[in-house]
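1. how does the following fold in three dimensions:
(chains A, B, C and D)
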Protein chains: 2
Amino acid sequence: MYVQLQDQLRQMINLSDEEFKHFSSGLTTQHLKRKELLLREGTICKNAYFIVSGCLRYYYIVDGEERTGQFFFENGWFADYRSFLTGEPSTQNIAALVKTDVLVLPKRHLDNMFVEIPKFEKFGRLVAENAYLGLRKRTEMLTNQTAEERYLELIKQRPKVIERIPQHYIASYLGIKPQSLSRIRKRLLDKG
Amino acid sequence: MYVQLQDQLRQMINLSDEEFKHFSSGLTTQHLKRKELLLREGTICKNAYFIVSGCLRYYYIVDGEERTGQFFFENGWFADYRSFLTGEPSTQNIAALVKTDVLVLPKRHLDNMFVEIPKFEKFGRLVAENAYLGLRKRTEMLTNQTAEERYLELIKQRPKVIERIPQHYIASYLGIKPQSLSRIRKRLLDKG
DNA sequence: CGCGACGTTGATTTGCCTCAACGATTGTGG
DNA sequence: CCACAATCGTTGAGGCAAATCAACGTCGCG
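-> Down below sits the predicted model:
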């Protein structure tokens, strides 16, 4: 169960088996059915999650309309990082797109790790840095490219998303309406 | 010179005078004239900067057109954080809007600090977390609000920007053309 | 003084949205 | 296993916010 996690951690920091055991003793597992919510808007995100298998989507509501912030697949960490860091209520919902298994890392446990095993500060730093880089990529995509360019780039960079995710979620991830994505696809077909 | 910096650091981590001295011994100062560039697109951002006085803008070019990413004022850290972290060439330019003094923190020195004074890992983490939160706020502003709402929010949240920055830079920061900002302002005047 | 940078205003275009209708597919209860 | 509803993707008509193209007045500075 923890093998994937240990591999992933090893890429960031050097932990002894002892230390890893101490860390992983604070984790629990959670199983999600399709469409089940892991986090609901308005609650405080007190855990980070490591996806062992499956696929999650986070989204928020603006004017009664869902907007998809990101999709997450196996072997990744995630949380509503803003709420996780600040302790403010989340504005996000996190839902399983398919049957999904996650490991649960309580913020409290991570905060303890920072103190008990100072090496974890580096882990915390690397996670934050990666979160920044990921968000930056996404922001630049949304602000510098047209909807069609964003769609083409998504096909190129993350074919998994195209294959595994329903089209209306992809549209909302791209920041457009399902109708618009449908028209873009048609335009591309007519061309190519 | 370093007093502002020491105050700012103390809000994040507890450093002895010794440790602060060791840290600050690796810094240098740099003076910028109005319009002078601190970082040019295509170069690698090997330093972080602490603004002692003045005001900077970072921007990048898309289709021959400047887009303003952010403005920075006194007592803040900044860099092209993506390039700084990854070592890839920057896509940003950083320019002084007025006469500006900065402290220069070489990445190499910071990396040494991480090793020599492990407390600095916490500093690194907090900086990364703040960078994430700032970017997230900006992203949500750009994607969830209309141009007019963004402008009104900017007035409310960062009046300094409105007062100190030319209008066409503000437009590019808001993600619109100067003409559009001019029309928005007119519309607001006609109303109120 | 004369030039360039800046802000404003008008006319037109454009990319995406809204509203609406309609097949195809999926899922569910009888 | 079928009938019906809900969900999903497609397509058409029309609308709107901001972009584009263009012209013009003003200000500051070399």
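
2. nearest spatial neighbour of A:I184, chain-adjacent residues omitted?
-> Once flanking residues are discounted, A:I184 sits nearest to A:E148: 5.2 Å by CB to CB, 6 or more residues apart in numbering or on different chains. In this view, the C-beta of every residue, glycine as well, is placed from N, C-alpha and C.

3. stretch A:95-102 near DNA strand C anywhere?
-> No. Contact between stretch A:95-102 and DNA strand C is absent, the nearest approach being 10.9 Å (criterion: CB under 7 Å from any atom of the strand).

4. how long is that stretch end to end?
-> 12 Å (CA to CA, to the nearest Å).

5. buried residues of it, list them for me.
-> Within stretch A:95-102, the residues that count as buried by 16 or more other CB atoms under 10 Å in any protein chain shown are A:A95, A:A96, A:L97, A:T100, A:D101, A:V102.

6. any idea of the mean pLDDT in that stretch?
-> Across stretch A:95-102, pLDDT averages out at 92.

7. ok so, going back, is it true that the residue nearest to A:I184 lies in a helix?
-> Yes. When the secondary structure is assigned by DSSP: H, G, I helix; E, B strand; the rest coil, A:E148 falls within a helix.

8. quick one, what contacts it?
-> Under the criterion of CB atoms under 8 Å, 6 or more residues apart in numbering or on different chains, the contact list for A:E148 reads A:I184, A:R187, A:L188.

9. hmm, try it at 10 Å
-> By CB atoms under 10 Å, 6 or more residues apart in numbering or on different chains, the contact list for A:E148 reads A:L174, A:I176, A:S180, A:L181, A:R183, A:I184, A:R185, A:R187, A:L188.

10. circling back: pull the most distant pair out of the buried residues of stretch A:95-102.
-> Set against one another by CB to CB, these have their most distant pair in A:A95 and A:D101, with a gap of 14.8 Å.

11. against A:I170, how distant is the residue nearest to A:I184?
-> Between A:E148 and A:I170 the distance, using CB to CB, to the nearest Å, works out to 13 Å.

12. do the same with A:L133
-> If you measure A:L133 against A:I170 using CB to CB, the figure is 22 Å.

13. cool, and A:Q179?
-> With the distance defined as CB to CB, A:Q179 ends up 13 Å from A:I170.

14. more neighbours: which of those two?
-> For the pair A:Q179 and A:I170, the greater number of neighbours falls to A:I170 (19 against 10), based on other CB atoms under 10 Å in any protein chain shown.

15. does the longest helix anywhere in chain A reach DNA strand D?
-> Determined from DSSP state H, the single longest helix within chain A is helix A:119-144. No. On the criterion CB under 7 Å from any atom of the strand, helix A:119-144 is out of touch with DNA strand D, staying 10.6 Å away.

16. and that helix, which residues are buried?
-> By 16+ other CB under 10 Å, the buried positions in helix A:119-144 come out as A:119-133, A:135-136, A:138-143.

17. for chain A, what lies in contact range of DNA strand C?
-> Taking CB under 7 Å from any atom of the strand, the part of chain A that reaches DNA strand C is made up of A:T146, A:A147, A:E148, A:G175, A:I176, A:K177, A:Q179, A:S180, A:I184.

18. so which of these would you say is closest to chain B?
-> Checking those against chain B with CB to the nearest CB, the nearest one is A:G175 at 6.3 Å.

19. turn the residues of chain A next to DNA strand C into a markdown table, columns for distance to DNA strand D.
-> Putting these into a markdown table (distance: CB to the nearest atom of the strand, whole Å) gives the following:
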| residue | distance to DNA strand D |
| --- | --- |
| A:T146 | 10 |
| A:A147 | 13 |
| A:E148 | 14 |
| A:G175 | 14 |
| A:I176 | 11 |
| A:K177 | 8 |
| A:Q179 | 4 |
| A:S180 | 8 |
| A:I184 | 9 |
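
20. now do the contacts for the residue nearest to A:G42 when sequence neighbours are not counted.
-> Closest residue to A:G42 in three dimensions, ignoring its sequence neighbours and counting by CB to CB, 6+ apart: A:P89, at 5.1 Å. Shown in contact with A:P89 (CB under 10 Å, 6+ apart): A:R40, A:E41, A:G42, A:T43, A:I44, A:C45, A:D80, A:S83.

21. quick check: phi and psi on A:P89?
-> As for A:P89, its main-chain torsions (degrees, to the nearest 10) stand at phi -60, psi 140.

22. quickly list what it is bridged to.
-> Using DSSP bridges, the beta-bridge partners of A:P89 come out as A:I44.

23. widest-spaced pair of the residues of chain A next to DNA strand C?
-> Put simply, by CB to CB the two of the residues of chain A next to DNA strand C set farthest apart are A:T146 and A:Q179, 16.1 Å from each other.

24. quick check: A:R185 touching A:I176?
-> No. With contact defined as CB atoms under 10 Å, A:R185 does not reach A:I176; the gap is 11.5 Å.

25. now do the shared contacts for these two.
-> Between them, A:R185 and A:I176 have A:E148, A:Y151 as joint contacts when contacts are counted by CB under 10 Å, 6+ apart.

26. still on that earlier bit, and the residues of chain A next to DNA strand C, which are buried?
-> A residue is treated as buried here by neighbour count (16+ other CB under 10 Å); on that basis the buried members of the residues of chain A next to DNA strand C are A:A147, A:E148, A:I176, A:I184.

27. roughly how far is the host helix or strand of A:Q30 from the heart of the chain?
-> Using DSSP states H and E, A:Q30 sits in strand A:28-32. For strand A:28-32, the separation from the chain centroid amounts to 16 Å (computed by CA atoms, centre = their mean, to the nearest Å).
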